[in-house]
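> Here is a sequence with its predicted model. Questions after.
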Amino acid sequence: MYGDPATIRRILTELGDTWAVVGLSNNEDRAAYGVARVLQRFGKRVVPVHPKAETVHGEKGYASLEAIPFKVDVVDVFVNSALAGAVADEAVAVGAGAVWFQLGVVDEEAFARTRGAGLDMVMDRCPAIEIPAL
């Protein structure tokens, strides 16, 4: 399992409320769009991270994690597994507290690197499913 209940609870309730959502755009058909809306309903500040740097759900977007001019608590990753490891490394570099890989996104080496750097991490789970269950 890539996210024990204690880690999931800690990320969702204790690590902070600023979530960078990598892959979030205004495409309503993408899972990131709906998940970001759920996170907002539960009090999270959602920061879109996408090459287009669009404003989504009323929040200014940024082209990369490095471009965000304030601290991010959690990096929620909506890119395919082949790209996810680089995003996790960027999350470590910018000082995020945790990384969350969405359903279907798995990179065991990135998981080991991220945990080794001292960050909490969850893989192959969805916060929009987990947070209402708390």
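Happy to help now that I have it.

> low-scoring pLDDT stretches of the chain, where are they?
Within the chain, the stretches with pLDDT under 70 are 1.

> Strands along that one, start to end?
Using DSSP state E, the strands of the chain run over 18-22, 45-49, 74-77, 98-101, 120-122.

> can I get the CA coordinates of the second one in CSV?
Put plainly, it is strand 45-49. Presented in CSV, the C-alpha positions along strand 45-49 are these (Å, rounded to 0.1, in the frame of the first residue of the first chain):
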residue,chain,number,x,y,z
ARG,A,45,-6.5,26.4,-1.3
VAL,A,46,-6.0,24.9,-4.7
VAL,A,47,-3.1,26.3,-6.8
PRO,A,48,-3.3,25.2,-10.5
VAL,A,49,0.1,24.1,-12.0
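
> Now do that strand against strand 18-22, angle only.
30 degrees (axes from the mean of the first three to the mean of the last three Cα atoms, to 10 degrees).

> any idea how far residue 54 is from residue 26?
Going from residue 26 to residue 54 by Cβ to Cβ, to the nearest Å gives 5 Å. Any C-beta I mention is one placed from the backbone N, CA and C, and that applies to glycine too.

> cool, and residue 31?
16 Å.

> Check residue 126 too.
22 Å.

> what does residue 25 give?
6 Å.

> Same check on residue 79?
16 Å.

> With neighbour numbers in mind, choose between those two.
residue 79 (18 against 15; other Cβ atoms under 10 Å).

> Skip the chain neighbours and tell me the closest residue to residue 25.
residue 50 (4.9 Å; Cβ to Cβ, 6 or more residues apart in numbering).
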